[in-house]
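Q: starting from these lines, generate the structure:
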Amino acid sequence: MNLLNEKKLLITGVLTDDSIAYGVAKLALEEGAEIVLTGAGRALSLTRRTAKKLSADISVYELDVTQPQQAVDLNNILSKRWDRIDGILHAIGYAPPNCLGNGILKANWEEVGTALQISTYSYKLLAEAFLELLKMSPSPSIVGLDFDASSAWPTYDWMGVAKAGLESLNRYLAKDLGEFNIRVNLVAAGPIRTVAAKSIPEFSKFDDAWSSRSPLKWSTKEHIAVAKACILFFSDYLPLTTGEILHVDGGFHCVGA
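A: Residues are numbered from 1 along each chain as shown. This next block holds a predicted model:
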């Protein structure tokens, strides 16, 4: 279909081929996009190895969102390579161990601050760092990966707070970036068994809840279904949709107990 023909996308968060971001990258290539990937820290080598499953020609750059200068440096690199950025996928999240599975009281501010900086503030960091390249696109789009923050979940704790902040930030970015025709939207996925999910204690509770309550049959391997929603936001089919949260969770969010 070539939904993304000749679009240029910056995709963060590819770790393994089970990553939602990997599904986005794979579909983006199939739909005609040119992509670059980013990774950080010890996971950078994993991103580079996984990128080879997509194409030997995929460039992978370092981008640690706790080091804002790296975003500036990457913007300078991409400015020499591309005349614009048509889309950015924010698939970045991390919370220190004390922030997950221990209730809301145990984590200290340093730990909470780390979770918020990486999982929430980085959404703004990407928008700011690549703003000029986004403004050069005829239809720029920023898409973030979310997990429904309207409820308090077992064991999710401060990551749930970080996602609530992400949802609020999504609205404010949509408001402020609209003057540049930049669309900003989130895709709220159901539980996916990824590398990141392994850090969530008792992840099986999410799996059990979705299996029993989701109107549509849900599998923790549905990363491609989530990726398809991201591709739709990057395409030109939703030109006046911004500040939205699209649930791809089998309908779980709309039913009660």
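
Q: low-confidence ranges in this protein?
A: For the chain, the stretches with pLDDT under 70 are 195-199, 202, 257.

Q: now do the helix ranked longest in it: distance to the chain's middle.
A: Using DSSP state H to define each element, the chain has its longest helix at helix 157-177. The gap between the average C-alpha position of helix 157-177 and the chain average comes to 12 Å, counting by Cα atoms, centre = their mean, to the nearest Å.

Q: strand partners (parallel or antiparallel) of the next helix or strand after it?
A: Downstream of helix 157-177, the next assigned helix or strand under DSSP states H and E is strand 183-189. Each strand that strand 183-189 pairs with, and the sense of that pairing, follows from DSSP bridges: strand 141-146 (parallel), strand 245-248 (parallel).

Q: any idea how far the next helix or strand after strand 183-189 is from the chain center?
A: Once the chain leaves strand 183-189, the next helix or strand it forms, by DSSP H and E, is helix 204-213. In this view, helix 204-213 has its centroid 22 Å away from the chain centroid, taken as Cα atoms, centre = their mean.

Q: could I get helix 204-213 in CSV with only the CA atoms?
A: Backbone C-alpha positions of helix 204-213 (Å, rounded to 0.1, in the frame of the first residue of the first chain) are rendered in CSV as follows:
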residue,chain,number,x,y,z
SER,A,204,1.2,-12.6,34.7
LYS,A,205,-1.6,-10.7,36.5
PHE,A,206,-2.0,-8.5,33.5
ASP,A,207,-2.1,-11.5,31.2
ASP,A,208,-4.7,-13.1,33.3
ALA,A,209,-6.9,-10.0,33.5
TRP,A,210,-6.8,-9.5,29.8
SER,A,211,-7.5,-13.1,29.0
SER,A,212,-10.7,-13.0,31.2
ARG,A,213,-12.0,-9.5,30.4
